[in-house]
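Undergrad: Got a predicted model here, sequence first, then my questions.
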Amino acid sequence: MARFLVKRNQKLGTAPGSLVFVGKQRVDKVLLEILSYDKLNIEDKEIENLEELPKLINPKKVSWVNHVGIHDEKAIEKIGGLFDIHPLQLEDILNTTQRPKFVEADGYLFIQIRMLHLKEDNSLYTEQLSIILIDNTLISFQEIPLDVFDPLRERLLRPITKIRHRKNDYLAFAMLDAVVEQYIFIIEKFGERIELLEDQLLQRPEKSHLEQINRYKREINFLRKTVRPVRELVSQFKRSDSPIIEGSTQPYLRDLEEQVVLATEAIELYKDMLNDQLNIYNSGLNNRLNDILRVLTIFSVVFIPLTFLAGIYGTNFEYLPELHYKYSYPIFWGVLILLALGMVMYFKNKKWL
């Protein structure tokens, strides 16, 4: 399946707001949990029945509802009904091909971003993350249980951390910050390999280097497509005047924006480096070819006069004066050797060899 544009056959002919899952199902069963906390207490519970979700939300605490597995259209629709979420946002949650976005709706904020993961073969794949901020509740929708939020959960378990003393807007910032940190970690991994590849290219370009350059270019372009829209998303989040976002969270959002800018600039830098490496590879091949042609040309030039002399004495004329001279043959070879050595010395003095 193409990673830059995914087939959307399921959506053809449907009206806007139609709840149709678009993408690849990644889990067999939907997992739903709620984590409620305040300064003093924290409680984590897995939810078996969606109907009991509203009863578990305590308005005096921050509630983080995490929904893993977005292929279940009915479950998404039911959550939308419980929290009065617009069908267009529910449609976006079900569509795994969405571009990162920030939507300020009536009574809630909607954030959509892509999380990056690195496979063992150093290729990338993404997971769509959707976040809804409403009152004192945050609802997140993930495709797979593997996520980058384990350090965040560990921080939530410690009562002295900032996140336990803040509201759901800070929790949303912390989640986005974890996603962006994963971006930077992956970019650094690729950067190390790209810089190492440049050192190898400068020593001696090989065919395998061209394959690596093309593979890294493909992954960097995928990184670029994933990360660049996040800058706009964070900027809109920072500029929002929604009452859900507290003033104390603004400095953290500005810092997050700087991290996204750092990530996008690093991607552009490594993209340019790969283009330069491709030029280095082609230049290296051309230089090697020129060296080979230069050596072959010099050998050809050396043998041209030798061939000329051999051609003269290889003719079939009967009256060739030197034919009957006793020392003609060794003298002939002496002339050939001296001529060849003289030409080689001349080329060396000219620094052609």
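TA: Sure, I can see it.
Undergrad: and K326, how many residues sit next to it?
TA: 7 (other C-beta atoms under 10 Å). No exception for glycine: its C-beta is placed from N, CA and C like everyone else's.
Undergrad: before we move on, what SS does it have?
TA: The three-state label given to K326 by DSSP: H, G, I helix; E, B strand; the rest coil is coil.
Undergrad: change the start of the numbering to 180 and stick with it
TA: Let's use 180 as the start, then, which means that last one is K505.
Undergrad: Quick check: the gap between it and I516.
TA: Relative to I516, K505 is positioned 19 Å away (C-beta to C-beta, to the nearest Å).
Undergrad: same deal with P422?
TA: According to C-beta to C-beta, P422 and I516 sit 97 Å apart.
Undergrad: And the pLDDT at the residue most central in space within the chain?
TA: When the chain is reduced to its mean C-alpha position, the closest residue under C-alpha atoms, centre = their mean turns out to be L402, at 2.9 Å. At L402, the model reports a pLDDT of 93.
Undergrad: check contacts around it.
TA: Listed by C-beta atoms under 8 Å, 6 or more residues apart in numbering, the contact set of L402 reads L295, L303, Y362, I365, I366, F369, I446.
Undergrad: okay, now the domains of the chain?
TA: Using automatic domain parsing, the domain parsing of the chain gives 189-462, 471-528.
Undergrad: which of these is buried the deepest?
TA: Among those, domain 189-462 has the highest mean neighbour count (mean count of other C-beta atoms under 10 Å), at a mean of 16.
Undergrad: Can you give the distance from that one to the centre of its chain?
TA: Offset of domain 189-462 from its chain centre (C-alpha atoms, centre = their mean, to the nearest Å): 15 Å.
Undergrad: where does the protein have low pLDDT?
TA: Low-confidence segments of the chain (pLDDT under 70): 180-194, 196, 494-499, 501-502, 531-532.
Undergrad: 50 instead, please
TA: Applying pLDDT under 50 to the chain flags residues 180.
Undergrad: for it, what spans make up the helices?
TA: With DSSP state H as the criterion, the chain has helices at 232-235, 252-262, 266-273, 329-335, 347-382, 386-418, 429-492, 507-528.
Undergrad: Who are the packing partners of the first one?
TA: It stands for helix 232-235. Judged by 3 or more C-beta pairs under 8 Å, 6 or more residues apart in numbering; DSSP states H and E, helix 232-235 is in contact with strand 210-216, helix 252-262.
Undergrad: what's the angle between the shortest one and helix 252-262?
TA: So that's strand 210-216. Angle, strand 210-216 to helix 252-262, by axes from the mean of the first three to the mean of the last three C-alpha atoms, to 10 degrees: 30 degrees.
Undergrad: S197: which of the helices and strands packed on helix 232-235 is closest?
TA: The closest approach between S197 and any of the helices and strands packed on helix 232-235, judged by C-beta to C-beta, belongs to helix 252-262 at 9.7 Å.
Undergrad: Give me the angle between that closest one and helix 266-273.
TA: Using the same axes, to 10 degrees: helix 252-262 against helix 266-273 is 140 degrees.
Undergrad: show me what contacts H246?
TA: Neighbouring residues of H246 by C-beta under 8 Å, 6+ apart: V209, L210, L211, A254, I255, I258, I318, S319, F320, Q321.
Undergrad: My guess is the first one contacts N245. True?
TA: No: because the distance of 11.0 Å does not satisfy C-beta atoms under 8 Å, V209 is recorded as not touching N245.
Undergrad: Across the sheet, point out what pairs with the closest residue to I311 other than its chain neighbours.
TA: In space, and not counting its chain neighbours, I311 is closest to I318: 4.4 Å by C-beta to C-beta, 6 or more residues apart in numbering. Note on I318: beta-bridge partners V244, I311, judged by DSSP bridges.
Undergrad: Roughly how far does I318 sit from S309?
TA: To S309, I318 is 8 Å away according to C-beta to C-beta.
Undergrad: State the distance from the nearest residue to V413 once chain neighbours are set aside to K239.
TA: Leaving aside its chain neighbours, V413 sits nearest to E436 (4.7 Å; criterion: C-beta to C-beta, 6+ apart). Using C-beta to C-beta, E436 is found at 31 Å from K239.
Undergrad: Same check on S419?
TA: From S419 to K239 the distance is 25 Å (C-beta to C-beta).
Undergrad: got it, and L457?
TA: Noted for L457: a distance of 59 Å to K239, by C-beta to C-beta.
Undergrad: again, but for E360
TA: From E360 to K239 the distance is 31 Å (C-beta to C-beta).
Undergrad: before we move on, what about N528?
TA: According to C-beta to C-beta, N528 and K239 sit 92 Å apart.
Undergrad: what does E444 give?
TA: As judged by C-beta to C-beta, E444 and K239 stand 43 Å apart.
Undergrad: What of Y460?
TA: Taking C-beta to C-beta as the measure, Y460 falls 63 Å from K239.
Undergrad: One more: D223?
TA: 17 Å.
Undergrad: what do you get for H296?
TA: Note on H296: its distance to K239, by C-beta to C-beta, is 36 Å.
Undergrad: now K386
TA: K386 sits at a distance of 65 Å from K239 (criterion: C-beta to C-beta).
Undergrad: just L485 next, same as before
TA: 101 Å.
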